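S.K.: Give me a model of this one.
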Amino acid sequence: MSASRRIVLCAGELSGDMHAAHVVAALRERIPGVGITGMAGANCARAGMDVRFEYNDYAVIGFTGIFASLPRFYRLERRLRALIDDADLFIAVDYPGLNLRLCAYAHARGKRVLYFIAPQVWAWGARRVQKMKRTVDQVAVVLPFEADIYRRAGMAVEYVGHPFVTDHDLPAPRPESEREWIALLPGSRASEVDAMLPTFLAAAEYLVARDPTLRVAIGRSPVVPPDVYDEHLRGVSFPVERRDGAVDVLSRARAAMVASGTATLEAALLETPLVVVYRTGATNYALAKRLVKIPHVGLVNIVLGDEVAPEFVQASATPDAIASAVERILDDAEYRLAMVERFRGLRARLGEGMGSARVAELAGKLLS
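M.R.: Alright, predicted model coming up:
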């Protein structure tokens, strides 16, 4: 294979950047001299990608945030299209709002297209599958039930396992005797933290008032400035420990409050009992409710096909309700153990694949 192959990769969020970094490393090992550029973050940059556009500069939450930022996104898309013009392969990583349009553009320009961490078509409906069928050459999915959806549509698809298990070094679940605190995971973007953290802190205040011996810890996102957390913590009446990242704070938690997203799956893989919370603006919620086709918002519940971790969405996401659910986890050993038991076995199910090494192999085949 030619050493001058050029790949454009687009990962528009923290989780995509984390997972794509392993793909970048695998590609550079498999295809010496390959050039990889596009949109990602610090993880992909450390793996050797030429990151032209930092995803955190374009972080928004919800439909209204996207609408307000449309001029910036149009400029970003034009610049990414210009990179694709000179590339041999486009790799889309999650982030369907932008990536589906870039897939269509790349296909129209005669480029090969690989989609890693494919759009959640089971949530958004079948129209996206048909659109992808016209523009994507190969799909690499990370949840076991997704492969059949794309296969039924006649697409080339492979389940490669979930990166949390196949590529990341998640520690083994800790026993209860080593768990120390209530974990707060309010999201990976500043706008999410602003939306979620006040409610989480109010729920934690209720719990600490009931039991002053409880410790509380926040898992800080690496792309959210510390002063965003500090602003919300001013005047809080109880100590709150600050920890970097999700894994450390979740692995040592007796229970967790987690914003809906990939961190809910991390918590389950670490066998940490949790409650799932989703709150957004009224307009965003009204639009999402019309478009989303599934009964659960937490990724862990979607994978398990049941509301194993209790969910609090929009109006139901009150501090009292969240605190009561966490209280039950802490006080009801039978309930807590039943939840953890449902989480066991997830590592085996989500580890059935070769992860980033297989994604790099699929990319190599498209380039050959």
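S.K.: In this protein, where is pLDDT below threshold?
M.R.: By pLDDT under 70, the weakly predicted segments of the chain are 1-3, 59-69, 122-126, 280-295.
S.K.: Show me the domain layout of it.
M.R.: 6-161+352-367, 176-349 (automatic domain parsing).
S.K.: Same list (the ones you listed) but as TSV, adding distance to Asp169.
M.R.: Using the backbone N, CA and C atoms, a C-beta is placed for each residue, glycine as well. Formatted as TSV, these follow (distance: least, C-beta to C-beta, whole Å):
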stretch	distance to Asp169
domain 6-161+352-367	11
domain 176-349	9
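S.K.: got the residue ranges for the helices in the stretch 1-150 of the chain?
M.R.: Applying DSSP state H, counting those that start in this stretch to the stretch 1-150 of the chain gives helices spanning 14-30, 42-47, 62-68, 70-85, 96-108, 121-124, 127-135, 146-152.
S.K.: buried set for the helix or strand encompassing Ser324?
M.R.: Using DSSP states H and E, Ser324 falls within helix 319-331. Neighbour-count burial for helix 319-331 flags 319, 321-323, 325-330 (criterion: 16 or more other C-beta atoms under 10 Å).
S.K.: Can you report how many residues lie near Tyr150?
M.R.: For Tyr150, the count of nearby residues is 22 (other C-beta atoms under 10 Å).
S.K.: Skip the chain neighbours and tell me the closest residue to the spatially most central residue of the chain.
M.R.: Closest residue to the average C-alpha location of the chain: Thr262 at 3.9 Å, with C-alpha atoms, centre = their mean. The shortest distance from Thr262 to any non-neighbouring residue, by C-beta to C-beta, 6 or more residues apart in numbering, is to Ser15 (4.7 Å).
S.K.: Which elements pack onto the longest helix seen in the chain?
M.R.: The residue-count maximum for a helix in the chain (DSSP state H) belongs to helix 190-210. Under the contact definition 3 or more C-beta pairs under 8 Å, 6 or more residues apart in numbering; DSSP states H and E, helix 190-210 sits against strand 181-185, strand 216-220, helix 226-233, strand 253-259, strand 274-278, helix 319-331.
S.K.: Make JSON lines out of the ones you listed and add distance to Arg46.
M.R.: Output for these, formatted as JSON lines (distance: least, C-beta to C-beta, whole Å):
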{"stretch": "strand 181-185", "distance to Arg46": "23"}
{"stretch": "strand 216-220", "distance to Arg46": "19"}
{"stretch": "helix 226-233", "distance to Arg46": "21"}
{"stretch": "strand 253-259", "distance to Arg46": "26"}
{"stretch": "strand 274-278", "distance to Arg46": "29"}
{"stretch": "helix 319-331", "distance to Arg46": "36"}
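S.K.: which one of the ones you listed lies closest to Arg72?
M.R.: Checking the helices and strands packed on helix 190-210 against Arg72 by C-beta to C-beta gives helix 226-233 as the closest, at 20.4 Å.
S.K.: That closest one vs strand 216-220, what angle?
M.R.: For helix 226-233 against strand 216-220, the angle by axes from the mean of the first three to the mean of the last three C-alpha atoms, to 10 degrees is 150 degrees.
S.K.: Contacts for helix 226-233 next, please.
M.R.: For helix 226-233, contacts defined as C-beta atoms under 8 Å, 6 or more residues apart in numbering pick out 190, 193-194, 197-198, 201, 218, 220, 240, 242.
S.K.: And the furthest pair within those?
M.R.: Comparing the members of these, the greatest separation, given C-beta to C-beta, is between Ala190 and Val240, at 17.8 Å.
S.K.: who's Ala40 bridged to?
M.R.: Beta-bridge partners recorded for Ala40 (DSSP bridges): Glu54.
S.K.: quick one: it and Met18 touch, right?
M.R.: No - Ala40 is beyond contact range of Met18, at 9.8 Å (criterion: C-beta atoms under 8 Å).
S.K.: Please say which of these two ends up with more neighbours.
M.R.: Under the criterion of other C-beta under 10 Å, the comparison of Ala40 against Met18 puts Ala40 first, with 29 against 22.
S.K.: Can you give the distance of stretch 26-36 from its chain's centre?
M.R.: 25 Å (C-alpha atoms, centre = their mean, to the nearest Å).
S.K.: Buried ones in that stretch, by neighbour count?
M.R.: Buried residues in stretch 26-36, counted by 16+ other C-beta under 10 Å: 26-28, 31, 34-36.
S.K.: mind checking how far Ala106 is from Glu327?
M.R.: Distance, Ala106 to Glu327, using C-beta to C-beta, to the nearest Å: 51 Å.
S.K.: follow-up on the earlier one: looking at the helices of the stretch 1-150 of the chain, which is nearest to Asp248?
M.R.: So among the helices of the stretch 1-150 of the chain, helix 14-30 is nearest, using C-beta to C-beta, at 14.8 Å.
S.K.: tell me what that closest one is packed against?
M.R.: strand 6-11, strand 35-40, helix 42-47, strand 89-93, strand 112-116, helix 163-166, helix 355-367.
S.K.: is it true that Ala21 touches Ala47?
M.R.: Yes - Ala21 lies in contact with Ala47 (C-beta under 8 Å); the separation is 4.3 Å.
S.K.: When the two are compared, which one has more neighbours?
M.R.: More crowded of Ala21 and Ala47, by other C-beta under 10 Å: Ala21, with 24 against 21.
S.K.: excluding its backbone neighbours, what's nearest the more buried one?
M.R.: Asn43 (3.8 Å).
S.K.: Contacts only, for that neighbour.
M.R.: Residues counted as contacts of Asn43 (C-beta under 8 Å, 6+ apart) are 17-18, 20-21.
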